[in-house]
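**Q** got a sequence here, can you build the structure:
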Amino acid sequence: MRFPVLVAACTACLLAAAHGLASAQVPASPPALTLAEALRQAELASPAVKLREAQLAAAEGARQQASTLLANNPELSLERSRTQTRITPPPDERSNGWSVGIAQPIEIGGQQARRREAAAAALDALQAEIEDARRQARSDAALRFHAVLAIQRRIQIEQRSVDLFDSTAQAIAKRRTAGEDTRLDANVALVEAERARNALAVAREQWLDARSELAAALQLPPSAVPSVAGELATELGTGLPYSLDQLVTAAQALPRLRALSARENAARARLGVERASRLPDLTVGLNVGREGPGNARDRVTMLTLSMPLPLFKRNEAGIGQALSDVTTSEVERAVVIRDQEAQVRRLWSRLGSQRERVQRLQRTLLPASADNQQLAAKSRQAGQIGLLEQLVINRQTLDAERELGDALAEYHATRIELENAAGWSQEGTSR
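**A** Numbering: from 1, shown residues only. Okay, here's the model as predicted:
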């Protein structure tokens, strides 16, 4: 009696093991991509950030070289001589001599201190440029992420449009079969249904393009980008967490401006190096040696000082180039400061206009369109309006939702551009 029970137990175990194996073979779907994760991946994978970081080794090496005690290495010299003195009567007298010397060029115009300033400023500029590249990578990823969300919202609207006009076309086809509607009504409903399918297909194509652009920002193939999770914020009544004055103040501390200021300081320090190079280097040397015949060898110690005369070469070319670099950096920084503030004010004005437009659509157009759609459905059932009137009202309702979606997409795109232009904190980052 116990044998059938044992067989049943073994069978149950085998089935459970097979089910577990089958479950293990099913690949788990990757988690949905959130905005914070997209910003993090874009910052890590950005080619611009990697190119700037690759230059850190050169800038750090220049700083270490400039921090040495002297700019030039000492020069070691070794000499050996053989002297033959003719004596009458012979034999001639021969003697060997040798000397060891060391010479060190010394800059006397303060070039080394200026060179250290230039190297430190160049390193600061590069670090600020890396931070700016990271901010730009996050901003691009945020723009493309919200573009995907906007297209996903548009696909939902177009899918509702397809469902609505398909059901209307099917109902009209049944009524035409029963002799209640005309062929014209059926054709109109069919055309609207096909237009809705075409709009849905276009939205899906745009969705593929938007995902490809997001994949490019993340440095991933489009097939490797997981599904995007999130919604466009539709409630704008809470207000923005910053004012125009705060944005203008924050724009003055942008990493890009810090980089330009550091580049200007480096150019001024290099100008100081070139001007100080007008003074020639002083070379201090010390030589020790022995000379003379073997029975009367003399020890010779000699201290030498040498300096080239600055009669013809006055380093005019180096000074002129350094002056040009300083002027160029001053102009670039002034232009960026002026343009950055103008861009912040322009984007602020555009954002305010788009905010009012979104609120107006939410407050007036969308509720009225939804109310008209319900009234049209009731009137159509009561026979008070015809098919064309109902189709027009349905299309107006869908157009209102499309306009709201487009306005929200433009609003968030402008908001991201404004925060990036002002250097304000974005989603998933800290200022």
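**Q** can you get me a residue count around residue 245?
**A** Using other CB atoms under 10 Å, residue 245 has 8 neighbouring residues. Using the backbone N, CA and C atoms, a C-beta is placed for each residue, glycine as well.
**Q** what's the helix or strand for it?
**A** Using DSSP states H and E, the element containing residue 245 is helix 244-251.
**Q** likewise for residue 189?
**A** Taking DSSP H and E as the definition, one finds residue 189 inside helix 183-218.
**Q** can you give me the buried ones in that helix?
**A** Of the residues in helix 183-218, those scored as buried under the neighbour-count criterion (16 or more other CB atoms under 10 Å) are 185-186, 188-190, 192-193, 196, 199-200, 203, 206-207, 210-211, 213-218.
**Q** ok, back up a step: show residues contacting the helix holding residue 245.
**A** Contacts of helix 244-251 with the rest of the structure, by CB atoms under 8 Å, 6 or more residues apart in numbering, involve 242, 257, 340-341, 344-345, 348, 418, 421-424, 431.
**Q** using JSON lines, lay out those together with distance to residue 157.
**A** JSON lines is the format used below for the contacts of helix 244-251 (distance: CB to CB, whole Å):
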{"residue": "242", "distance to residue 157": "31"}
{"residue": "257", "distance to residue 157": "42"}
{"residue": "340", "distance to residue 157": "37"}
{"residue": "341", "distance to residue 157": "39"}
{"residue": "344", "distance to residue 157": "33"}
{"residue": "345", "distance to residue 157": "34"}
{"residue": "348", "distance to residue 157": "30"}
{"residue": "418", "distance to residue 157": "27"}
{"residue": "421", "distance to residue 157": "31"}
{"residue": "422", "distance to residue 157": "33"}
{"residue": "423", "distance to residue 157": "35"}
{"residue": "424", "distance to residue 157": "31"}
{"residue": "431", "distance to residue 157": "36"}
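**Q** neighbour-wise, which of these leads?
**A** If you count neighbours using other CB under 10 Å, the busiest of the contacts of helix 244-251 is residue 422, which has 26 neighbours.
**Q** counting neighbours, what do you get for the residue nearest to that one when sequence neighbours are not counted?
**A** The spatial neighbour of residue 422 that comes closest, neighbours along the chain excluded (CB to CB, 6 or more residues apart in numbering), is residue 247 at 3.9 Å. The number of residues packed near residue 247 is 21, by other CB under 10 Å.
**Q** check residue 247 and give its pLDDT.
**A** pLDDT recorded at residue 247 is 93.
**Q** and it, how far from residue 254?
**A** With distances defined as CB to CB, to the nearest Å, the gap from residue 247 to residue 254 amounts to 11 Å.
**Q** residue ranges of the strands in this protein, please?
**A** In order along the chain, the chain carries the following strands (DSSP state E): 75-85, 93-106, 282-291, 298-306.
**Q** got the ones you listed as a markdown table, with distance to residue 233 and mean neighbour count columns?
**A** Below are these laid out as a markdown table (distance: least, CB to CB, whole Å; neighbours: other CB atoms under 10 Å):
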| stretch | distance to residue 233 | mean neighbour count |
| --- | --- | --- |
| strand 75-85 | 70 | 10 |
| strand 93-106 | 66 | 15 |
| strand 282-291 | 69 | 15 |
| strand 298-306 | 75 | 10 |
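**Q** what sits against the residue lying closest to residue 389 once chain neighbours are set aside?
**A** With CB to CB, 6+ apart as the measure, residue 376 is the residue that lies nearest to residue 389, at 6.8 Å, once sequence neighbours are left out. Contacts for residue 376 (CB under 8 Å, 6+ apart) come out as 385, 389, 390, 393, 394.
**Q** can you pull out the helices in the stretch 251-400 of the chain?
**A** Chain-ordered helices for the stretch 251-400 of the chain, with DSSP state H, counting those that start in this stretch as the definition, fall at 255-276, 316-360, 366-382, 387-422.
**Q** next, the buried residues of the third one.
**A** The reference is to helix 366-382. With the criterion 16+ other CB under 10 Å, helix 366-382 contains buried residues 366, 369, 372, 373, 376, 379, 380.
**Q** which secondary element of this structure has the worst mean pLDDT?
**A** The helix or strand of the chain with the lowest confidence, counting by mean pLDDT, DSSP states H and E, is helix 2-25 at a mean of 46.
**Q** how far away is the residue lying closest to residue 172 once chain neighbours are set aside from residue 403?
**A** Using CB to CB, 6+ apart and skipping the chain neighbours, the partner closest in space to residue 172 is residue 189 (4.3 Å). Computed with CB to CB, the distance linking residue 189 and residue 403 is 24 Å.
**Q** same question, residue 258
**A** In this structure, residue 258 and residue 403 are 41 Å apart, going by CB to CB.
**Q** so between those two, which is more surrounded?
**A** Regarding residue 258 and residue 403, a neighbour count based on other CB under 10 Å identifies residue 258 as having more, with 19 against 16.
**Q** wait, the more buried one touches residue 126, no?
**A** No - here residue 258 lies out of contact with residue 126, judged by CB atoms under 8 Å, at a distance of 11.1 Å.
**Q** ranked by average pLDDT, which of the helices of the stretch 251-400 of the chain falls at the bottom?
**A** helix 366-382 (a mean of 85).
**Q** for the nearest residue to residue 298 once chain neighbours are set aside, give me phi and psi.
**A** Sequence neighbours aside, residue 292 is the residue nearest to residue 298 in space, at 4.8 Å (criterion: CB to CB, 6+ apart). Here is the backbone geometry of residue 292 (degrees, to the nearest 10): phi 110, psi 170.
**Q** and residue 49, what does it touch?
**A** The neighbourhood of residue 49, defined by CB under 8 Å, 6+ apart, consists of 43, 130, 133, 134, 137.
**Q** how about 10 Å then?
**A** Under the criterion of CB atoms under 10 Å, 6 or more residues apart in numbering, the contact partners of residue 49 comprise 42, 43, 129, 130, 131, 132, 133, 134, 135, 136, 137.
**Q** and residue 183, what does it touch?
**A** With contacts taken as CB under 10 Å, 6+ apart, residue 183 has the following neighbours: residue 176.
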